[in-house]
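Undergrad: sequence? don't have it. structure:
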């Protein structure tokens with residue numbers, strides 16, 4: 001199995017992202033463009049990055065200093081738990097409130113207030129579980 005958020009893992013995530021209509025197609029409808037970093041709590045930078053254009057993942061790999069719209073961090077144990085079991089809106093809210101999931105960059109509350117973004121964000125966790 002590829003290292004969590006490593007280059008190979010992120011490229012597999014990109015493929016799964018594009019194969020999931022509840023991500024790619026849903027975000028295409030709102031012209032979602034973003035560069036998203038994923039990493040571990042306490043690290044200076046995210047480990048991996050995925051670039052989304054018009055809802056679709058167009059590039060993914062190791063983080064190399066790209067400007068980020070979102071930078072999500074948690075412990076490896078928490079990432080693995082959420083990837084394995086998924087996370088719902090309530091679980092997401094609890095993870096954020098307890099600081100188990102940190103948004104180093106990005107506006108968590110704005111994302112949750114827009115159901116067109118919140119639903120796909122929740123979906124990313126189950127998509128990660130396919131890798």
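TA: Thanks, I have the structure now. Given the structure is predicted, the values throughout are model-derived calculations rather than measurements. Numbers count the residues shown, from 1 in each chain.
Undergrad: ok, residue 48 - contacts?
TA: Shown in contact with residue 48 (CB atoms under 8 Å, 6 or more residues apart in numbering): 5-7, 9-10, 13, 37-39, 60-63. The C-beta positions use only the backbone N, C-alpha and C, and glycine is treated the same way.
Undergrad: quick one: buried ones out of the residues you listed?
TA: Buried by 16 or more other CB atoms under 10 Å: 5, 7, 9-10, 13, 37-39, 60-61, 63, out of these.
Undergrad: and the residues you listed, which of them are in helices?
TA: Of the positions in the buried ones among the contacts of residue 48, 7, 9-10, 13 sit in helices, assigned by DSSP state H.
Undergrad: okay, strands next: where are they in the protein?
TA: Using DSSP state E, the strands found in the chain span residues 34-40, 48-53, 56-62, 70-74, 102-105.
Undergrad: which pLDDT value belongs to the closest residue to residue 9 other than its chain neighbours?
TA: Taking CB to CB, 6 or more residues apart in numbering as the measure, residue 9 lies nearest to residue 2, with 4.0 Å between them; neighbours along the chain are not counted. For residue 2, the model assigns a pLDDT of 72.
Undergrad: residue 2 and residue 62, how far apart?
TA: Distance of residue 2 to residue 62, given as CB to CB, to the nearest Å: 12 Å.
Undergrad: any idea which helix or strand in the chain has the lowest mean pLDDT?
TA: helix 108-113 (a mean of 75; mean pLDDT, DSSP states H and E).
Undergrad: chain center to that one, what's the gap?
TA: In terms of CA atoms, centre = their mean, to the nearest Å, the centre of helix 108-113 is found 14 Å from the chain centre.
Undergrad: for that helix, which helices and strands make contact with it?
TA: helix 89-97, helix 115-128 (3 or more CB pairs under 8 Å, 6 or more residues apart in numbering; DSSP states H and E).
Undergrad: hmm, who's touching that helix?
TA: Residues contacting helix 108-113 (CB under 8 Å, 6+ apart): 89, 92-93, 96, 117-118, 121.
Undergrad: swap in 7 Å and give it another go.
TA: Residues external to helix 108-113 that are found in contact with it (CB atoms under 7 Å, 6 or more residues apart in numbering): 96, 117-118, 121.
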